[in-house]
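Visitor: Kindly return the folded structure for what I paste below:
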Amino acid sequence: MNLQLLQTRLGYTFRDAGLLQQALTHRSHSSLHNERLEFLGDSILNCVVASILYERFTNLDEGDLSRLRANLVKQQSLFEIAQKLELSQFLRLGEGELKSGGFRRPSILADTLEALLGAIFLDTGFEAARAVIRAFYLPLLDTVDPATLGKDAKTLLQEFLQSKKISLPTYNVVATHGAAHSQEFEVECLVPKLNIQVFGRGGSRRAGEQAAARLALEVAQQALTKPAGRKTKPRAAQLKLAGIATIQSDAPAAQAEQPGTTPS
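Guide: Coordinates of the predicted model:
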């Protein structure tokens, strides 16, 4: 295991090699594992990301800043950073976790990344941990849209239609499929003013609505951003889309739906 390679990727060299070893150690491997370091790193990560967002987005209010931070520090975001570091090759896992593919598990990789941040803090201090976190996130922030990051499809569709002074969509469950213990819901999303009708499927009504909303947003954006002067098909033929989008799991929304959204 070439730990120097990992330190090069982190842009940080540990003074105490034992802290690095502990940060990489899952509880399945030994009693000196990384869970306490993970707790520490999680707090430091939230603090530094909050500071970055506060500095960078001076016009955003507390609610939007909280939404952005929640999405930047969530498990999936940390997992993606861990993948770029190829962190899986440095994990210290017990035999059972190795056999079950723990080195690929997003939760283990995300937790280990936080543990590394906690270890850096203990090894040198807050500024060192802050520098590593900023190196992770500053390039990422150049690629995200703060207006949409972390908003679910229903919220984005609602905001888009409101910006065009178009009435909110309606959602209807049109069918259920499968056995009672593994039902899939087919949901219709209607935007009458644009003559849009799309369908989405998911493992719950909410997931089906999200899938349908995502399709409806795509169609609405296309309909209202057509190049001027281009000849188009009749409106009804162009906009009535009977597409199907599917969401396999009902992931929690990053923020509460705004008033006027059809209840889930």
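
Visitor: where are the low-confidence patches of this protein?
Guide: Applying pLDDT under 70 to the chain flags residues 226-264.

Visitor: Show me the domain layout of it.
Guide: 3-141, 153-247 (automatic domain parsing).

Visitor: how about a markdown table for those, with distance to Ala147 and mean neighbour count added?
Guide: The way it works is simple: take the backbone N, C-alpha and C, and place the C-beta from them, glycine included. Formatted as a markdown table, the domains of the chain follow (distance: least, Cβ to Cβ, whole Å; neighbours: other Cβ atoms under 10 Å):
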| stretch | distance to Ala147 | mean neighbour count |
| --- | --- | --- |
| domain 3-141 | 8 | 17 |
| domain 153-247 | 9 | 17 |
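
Visitor: could you pull out the helices for this protein?
Guide: 3-10, 17-23, 35-56, 62-72, 75-84, 95-99, 106-123, 126-141, 153-163, 205-224, 235-239 (DSSP state H).

Visitor: Just the residues contacting the first one, thanks.
Guide: Right, the one you point to is helix 3-10. Identification of contacts with helix 3-10 by Cβ atoms under 8 Å, 6 or more residues apart in numbering yields 13-14, 17, 20-21, 85-87, 90, 116, 120, 132.

Visitor: Of all pairs in the residues you listed, which one is the farthest apart?
Guide: Ala17 and Glu86 (19.6 Å; Cβ to Cβ).

Visitor: Leu161 versus Leu224, what's the distance?
Guide: Separation of Leu224 from Leu161 (Cβ to Cβ, to the nearest Å): 10 Å.

Visitor: who's in contact with Arg134?
Guide: Contacts of Arg134 by Cβ under 8 Å, 6+ apart are 48, 52.

Visitor: any idea how far Glu38 is from the closest residue to Leu40 other than its chain neighbours?
Guide: Spatially, and ignoring its direct neighbours in sequence, Leu40 is nearest to Gly118 (3.4 Å; Cβ to Cβ, 6 or more residues apart in numbering). Distance, Gly118 to Glu38, by Cβ to Cβ: 6 Å.

Visitor: swap in Leu138?
Guide: The value you get for Leu138 to Glu38, if Cβ to Cβ is used, is 23 Å.

Visitor: cool, and Val219?
Guide: For Val219, the distance to Glu38 - Cβ to Cβ - is 43 Å.

Visitor: before we move on, what about Ala128?
Guide: 18 Å.
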